[in-house]
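>>> Turn this into a structure:
(one chain, ligands or ions: 2)
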Amino acid sequence: MDIIVRPTPELKGEIQALSSKNYTTRYLLAAALAEGTSIVRYPAHSQDSDAMRRCIADLGAVLEETDEQIVITGFGGKLSPVKELNVGNAGAVLRFLMAIAALSPEITFVNAYPDSLGKRPHDDLITALEQMNVQVEHKNGRLPITIRGGQPKGGKITVSGEVSSQYLSALLFLTPMLEEDSEITVTGDLKSKVVVGQTLEVLEQAGIQVEADPDYTLFKVPGKQKYQARTYVVQGDYPGSAAILAAAAVTRSDVTVHRLEERSKQGERAVVDVLQMMNTPLRHENGSVRVQGNHQLRAVEFDGDAATDAVLAMVAAAVFAEGTSRFYNVENLRYKECDRITDFVTELRKAGADVEEKRDEIIVHGKPFGVEGGATIDAHYDHRVIMALTVVGLRARNPIIIKDAHHVAKSYPQFFEHIAALGGSVEWVKE
Ligand SMILES: O=C(O)C1=C[C@@H](OP(=O)(O)O)[C@@H](O)[C@H](O)C1
Ligand SMILES: C=C(OP(=O)(O)O)C(=O)O
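Ligands and ions are numbered 1, 2, ... in the order given. You can find the predicted model right below:
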C-alpha cells in the first residue's frame, strides 16, 4: 500500500505514545526464559513485537493476551523442539533468539525478507556462538541460519561491538543460563551502546546478575542463574515518537505526546534535547512532551550513535533548519532495514532536500523555505525511512507518494492514524 502525504501547515492535538518496541521484545523474552508466570503490561503491538510473541510461543511459552497485557508462562531453559523460526523482518528478535536457540539441538531461522533482514550481517554473533560449542550454518553470515547447539559452554567469550549492540545483548540473555560462569569481552567500538543499558535494566528486573564495567568492554556473568517470573510495565517508545515530535517541529503546531518518561534509559530520548537545540519551542514534564512549532529551526551537530533509531527523524527536521546540520558516528545505520545513509539520502534528494553522505555521517544543508516535494519515494522496507519522509512531505510544497508505506507497521502500525489525528493530510492508496 502506498500513502500520499500532502503539505500540512498546522498540526494540533494530543496522542499517547506507542509502547516501546525494545522493552516489549526484552520483557517477552525474559518472561519466556522464566519458569513461572509473568505479566507484560501495555506491550507494543507491531510486526517486530508480534515476531517475538510468535517465536516464544513456538518455543513453548504459553501466552494469554487481553487488551492491555500478556500473561506468559515461560519455558525456562527447556525449549520445545521446533525446526524453524520466522522472525519476520525483526533484527533484534533474530539476534536474541539466535543465542537462545543454542540451548536447542537444531533450529533454522528462515529468510522471510531477503531484501531487508536477509541482507543484514550476523557474522560477529556467529563467531561468538562458535566459541561456545555451537555450530552455525549460514550464507556468508546471513539468513537462512541454522543453529546447532544443545550444550553451549560459557567461559571466556569475545564479541565485536563494531556493527551492532544486538550481538552483545543476545549473549547477555543466554549466558546467565549456562552451567559455567562467563566473561564477555567486547572488542572494537561498541555501537548503540545505550541500548545495552536497556538489556541490563531488564535482566536486573528479571533477577539476573551481571557485572558490567562502566565502559561496557567487560561483562562478568555468573552461570546457573534462573530468570524470575515478574510483572513488567512497558513504557512509551521514543524512537517512534521521535517522528511525531519532528513532524510537530517542522510545522506550525501545538502537539503533545504523552507517556514519554523523562528519566527513560532509551537513548532516543535525546530527540527532545536535539529539537530544543534546534530552537523548537518545547516542554517536557510529567511524562509529556509538548511541541509548539513555529517554523524557525536552526542547524545542529549531533553524535547520532547516542540515539540510533531517532536519527532519521532528526535529519528530517534538519531538512528545514537554517544552516548546515551534521549527524556523525552513524555508520551502523548502513546495516539496518536498508542502508539508512545511502538509501535514505537518495529518497530525501527526490523530495528536494539538500543532503550529503559520508561513510559515517549525514550532512544536511537546511532549506528553511521548504522543499519541492512532488516525488515518489521508495520505502526500502524501512519503517523509519517512511516516517522520516512523511515529516518531509508535510512541509513540502507538493504532495509526495511513499510506496509500500505499510512497512511502517514493523514498529508503529498506527503512525499514519496518529498523524491524521493531529490534522496531517495523509491518504492510503492502492497500487
Ligand atoms: O537491541 C535492540 O533492541 C536494538 C538495538 C539497536 O540496534 P543496533 O545495536 O544494531 O544499532 C536499534 O537500532 C534497534 O532498533 C533495536
Ligand atoms: C533497526 C531497527 O530494528 P531491528 O534492528 O530490530 O530490526 C529499528 O527498529 O529501527
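>>> so what's the residue in the chain that ligand 2 sits nearest to up against?
When scored by CB to the nearest ligand atom, the chain has Gly91 as its residue closest to ligand 2, at 2.8 Å. Any C-beta I mention is one placed from the backbone N, CA and C, and that applies to glycine too. With contact taken as CB atoms under 8 Å, 6 or more residues apart in numbering, Gly91 is in contact with Leu117, Arg120, Ser164, Gln166, Lys336, Glu337.
>>> Phe344 now?
Leu312, Val315, Leu333, Cys338, Ile362, His380, Asp382, Val385, Ala388.
>>> Is it within a helix or a strand, and which one?
helix 342-350 (DSSP states H and E).
>>> Just confirm yes or no for that helix near ligand 2.
No. Helix 342-350 is not in contact with ligand 2 by CB under 6 Å from any ligand atom; minimum separation 11.9 Å.
>>> Quick one: mean pLDDT for that helix?
Mean pLDDT, helix 342-350: 98.
>>> Would you mind pulling the contact partners of the next helix-or-strand element following it?
Of the helices and strands lying after helix 342-350 in sequence (DSSP H and E), the nearest is strand 354-358. The contact list for strand 354-358, computed with CB under 8 Å, 6+ apart, reads 315, 319, 341-342, 345, 348-349, 362-367.
>>> Go again with 6 Å.
Residues outside strand 354-358 that contact it (CB atoms under 6 Å, 6 or more residues apart in numbering) are Ile341, Val345, Leu348, Ile363, Val364, His365.
>>> Any chance of a markdown table for these, columns neighbour count and distance to Trp428?
What follows is the contacts of strand 354-358, written out as a markdown table (neighbours: other CB atoms under 10 Å; distance: CB to CB, whole Å):
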| residue | neighbour count | distance to Trp428 |
| --- | --- | --- |
| Ile341 | 25 | 28 |
| Val345 | 18 | 26 |
| Leu348 | 26 | 22 |
| Ile363 | 18 | 33 |
| Val364 | 26 | 29 |
| His365 | 15 | 32 |
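>>> now for these, which pair is the farthest apart?
Ile341 and His365 (16.1 Å; CB to CB).
>>> orientation of the helix holding Phe344 relative to strand 354-358 in degrees?
Interaxial angle, helix 342-350 versus strand 354-358 (axes from the mean of the first three to the mean of the last three CA atoms, to 10 degrees): 160 degrees.
>>> Could you check how far helix 342-350 is from the centre of its chain?
Offset of helix 342-350 from its chain centre (CA atoms, centre = their mean, to the nearest Å): 20 Å.
>>> give me every residue that touches the residue nearest the centre of the chain.
Centroid-nearest residue in the chain: Asp309, 5.7 Å away (criterion: CA atoms, centre = their mean). Contact partners of Asp309, counting by CB under 6 Å, 6+ apart, are Pro239, Glu268.
>>> What of the one 10 residues further on?
The neighbours of Val319, taking CB under 6 Å, 6+ apart as the test, are Ala353, Val364, Val392.
>>> separation between the closest residue to Arg259 other than its chain neighbours and Gln16?
Leaving aside its sequence neighbours, Arg259 sits nearest to Gly236 (CB to CB, 6 or more residues apart in numbering; 3.3 Å). Remark: distance between Gly236 and Gln16 (CB to CB, to the nearest Å) = 7 Å.
>>> Need the overlap of contacts for these two.
Arg259.
>>> out of the two, which sits in the busier spot?
Shown here are Gly236 and Gln16; by other CB atoms under 10 Å, Gly236 has more neighbours (24 against 16).
>>> can you give me phi and psi for the more buried one?
phi -70, psi 160 (degrees, to the nearest 10).
>>> what about it, distance to Gln266?
9 Å.
>>> Turn the contacts of Val319 into a markdown table, including pLDDT and distance to ligand 1.
Shown next, in a markdown table, are the contacts of Val319 (pLDDT from 0 to 100; distance: CB to the nearest ligand atom, whole Å):
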| residue | pLDDT | distance to ligand 1 |
| --- | --- | --- |
| Ala353 | 98 | 23 |
| Val364 | 98 | 20 |
| Val392 | 98 | 21 |
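>>> rewinding a little: what is the nearest of the contacts of strand 354-358 to Ala243?
Distances from Ala243 to the contacts of strand 354-358, taken by CB to CB, are shortest for Leu348, at 14.3 Å.
>>> wait, Arg397 sits on Gly373?
Yes. If you go by CB atoms under 6 Å, Arg397 and Gly373 touch, sitting 5.4 Å apart.
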